[in-house]
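# Predicted model follows, preceded by the sequence.
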Amino acid sequence: MALAAIGALAGDAPPSTLFPIGVYWQPTGSFDLWKSRGVNTVIGFYSKPSDMAEFNRAAVSKWLWMIRNPAANPAEDLHQKNLLAWAHADEPDINGVASGTLAADYLKWKTVDPTRPVIVNFSGQNAQYQADGLSDALYQQYSQSADWISSDVYPVTAWNHPDWIDKNAKLNLKDPANNGGVPFNPGNSVDKLRALSGGKKQLAYIETSFQNIGKGPAKGARGATAAEVRGETWDAILHGARGIVYFPQSFHPDKTDATPASVVAEMKRTNAKITEMAAVLNSGSDASSNPMTLGGGLEGTWREYAGKMYYFVLNFSHTAARNAKVTLTGAAGKSMIEAMDESRKLTAMNGSIIDNFAPYQLHIYETTATTGNFAPAIIVAGAVPEPVCMAGWMLSAGMLMRRCRPSKASTSLCT
């Protein structure tokens, strides 16, 4: 699948096997580095034609997809290779941009190229919490001027709230930052904005660094650990994100990439698994996450692809899940389960299995689909264990509350 996706970059249309794995606002000299980490898409915004030309040249030469604002004359982008989508200016919601401004730009761009997707990125915390008086109705208006929606919320490094990415943690409903009972995290932002946009394609930003937003960060403030980054990434995907974007910046001092080595190592493993499973993940509907009904800290999604059923189950918690019951949507009867690369077998009874999960561990289960209930068959459990073993199996077929934004006219991170 990876080879097919790379080969298609010579054309104008992305392959169906592409699952965008992006990185935000990196210098062109680092594109090789990010590609080695499994990234296939670079995201930028440029007002100077020379900067945009350099961005285009570097991305195409490295066989990377691009998401950026249109050229000053959008018609110049009609034959621009690898331009995956046009982007509105970042976070119009918290930057006071009128919905009418987005509507006018969208009409202008779509008049030039009706086939090119347009994406808008929102502050996920504001969209969830309706902070600053930003109503659901406003996000609905904004979403009419985009084909794809993305959102950024960084629970650990921006909010110092690792409990917001732990389904087993009890929320403090007296916390003024989040007293609504729904924690701010990538998956919940995807859910909220998918509903407000009427089921449009969602992408999610993922924190990878200690952003150090203020000169005097809160006591205990830190970046997300490797396991937490893995958990947030799969949480977003399990909730229906059809692309992820890494946000690796730090602000005091300014660094375009402050991702620690441990997170980089986990990012490579996670990106390899996402790329391997891209065709399966893309086979669902943008309008639904195909959720599984699971208890405790578990969450999951399922796909039917090429005559098989796939189940992605994540322990979205800092605590291990022992002897956890996993109900495989639509499955019935008795099946023997082989956990590949783990030297163990499990038995599914009446469509359910019992399995163990380390913190933020993902298991992927596969079985044959038939009309009605699934036939008793071998189910392969491909684990993404904590912390380092990512040996998997091959398919049979083959921004934050108020983020400092990069200057659009320079390589400086902050305006």
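Received it, and whenever you're ready, just let me know what you need.
# How about the contacts made by Asn188?
Gln128, Val182, His239 (C-beta atoms under 8 Å, 6 or more residues apart in numbering). The C-beta positions use only the backbone N, C-alpha and C, and glycine is treated the same way.
# Ramachandran coordinates for the residue nearest to the second one when sequence neighbours are not counted?
To tie it back to what came earlier, the one meant is Val182. Distances taken as C-beta to C-beta, 6 or more residues apart in numbering put Asn188 closest to Val182, at 5.6 Å, once the chain neighbours are dropped. For Asn188, the backbone dihedrals are phi -70, psi -30 (criterion: degrees, to the nearest 10).
# pLDDT value on Asn188, please?
Asn188 carries a pLDDT value of 97.
# And it, how far from Lys62?
34 Å (C-beta to C-beta, to the nearest Å).
# cool, and Lys174?
From Lys174 to Lys62 the distance is 49 Å (C-beta to C-beta).
# Check Leu203 too.
21 Å.
# go on, Trp148?
Taken as C-beta to C-beta, the span from Trp148 to Lys62 is 23 Å.
# If we go by neighbour counts, what in stretch 282-292 is buried?
Asn282, Gly284, Asp286, Ser289, Asn290, Met292 (16 or more other C-beta atoms under 10 Å).
# And those, which is closest to His88?
His88 lies nearest to Asp286 out of the buried residues of stretch 282-292, by C-beta to C-beta, at 18.7 Å.
# can you pull the contacts of that closest one?
By C-beta under 8 Å, 6+ apart, the neighbours of Asp286 are Arg194, Gly199, Lys200, Lys201, Gln202, Gly240, Arg242.
# quick one, helices of this structure?
2-7, 31-36, 49-61, 99-112, 124-129, 136-143, 186-196, 226-238, 261-276, 278-281 (DSSP state H).
# distance between the shortest one and the chain's centre?
In this view, helix 278-281 has its centroid 14 Å away from the chain centroid, taken as C-alpha atoms, centre = their mean, to the nearest Å.
# Give the rounded mean pLDDT of it.
Across helix 278-281, the per-residue pLDDT values average to 95.
# how about it as CSV, C-alpha atoms only?
Only the C-alpha atoms of helix 278-281 are listed here, as CSV (Å, rounded to 0.1, in the frame of the first residue of the first chain):
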residue,chain,number,x,y,z
ALA,A,278,-4.9,3.0,5.5
ALA,A,279,-7.2,1.2,3.1
VAL,A,280,-9.1,-0.4,5.9
LEU,A,281,-9.4,2.8,7.9
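# That helix - contacts with which helices or strands?
Helix 278-281 sits against strand 298-305, with contacts defined as 3 or more C-beta pairs under 8 Å, 6 or more residues apart in numbering; DSSP states H and E.
# in the strand it packs on, what counts as buried?
Leu298, Glu299, Gly300, Thr301, Trp302, Arg303, Tyr305.
# any chance of those residues in a markdown table, with distance to Gln211 too?
Shown next, in a markdown table, are the buried residues of strand 298-305 (distance: C-beta to C-beta, whole Å):
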| residue | distance to Gln211 |
| --- | --- |
| Leu298 | 29 |
| Glu299 | 26 |
| Gly300 | 30 |
| Thr301 | 29 |
| Trp302 | 34 |
| Arg303 | 33 |
| Tyr305 | 37 |
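# Quickly name whichever of the contacts of Asn188 is closest to Ile94.
Closest approach to Ile94 among these (C-beta to C-beta): Gln128, at 12.9 Å.
# Which residue ranges of the stretch 251-400 of the chain form strands?
Applying DSSP state E, counting those that start in this stretch to the stretch 251-400 of the chain gives strands spanning 254-255, 298-305, 308-315, 321-327, 334-339, 344-349, 352-357, 362-368, 379-384.
# Including distance to Tyr106 and mean pLDDT, could the ones you listed go into JSON lines?
Shown next, in JSON lines, are the strands of the stretch 251-400 of the chain (distance: least, C-beta to C-beta, whole Å; pLDDT from 0 to 100):
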{"stretch": "strand 254-255", "distance to Tyr106": "32", "mean pLDDT": "94"}
{"stretch": "strand 298-305", "distance to Tyr106": "30", "mean pLDDT": "95"}
{"stretch": "strand 308-315", "distance to Tyr106": "33", "mean pLDDT": "92"}
{"stretch": "strand 321-327", "distance to Tyr106": "42", "mean pLDDT": "95"}
{"stretch": "strand 334-339", "distance to Tyr106": "48", "mean pLDDT": "62"}
{"stretch": "strand 344-349", "distance to Tyr106": "48", "mean pLDDT": "75"}
{"stretch": "strand 352-357", "distance to Tyr106": "43", "mean pLDDT": "93"}
{"stretch": "strand 362-368", "distance to Tyr106": "36", "mean pLDDT": "84"}
{"stretch": "strand 379-384", "distance to Tyr106": "38", "mean pLDDT": "60"}
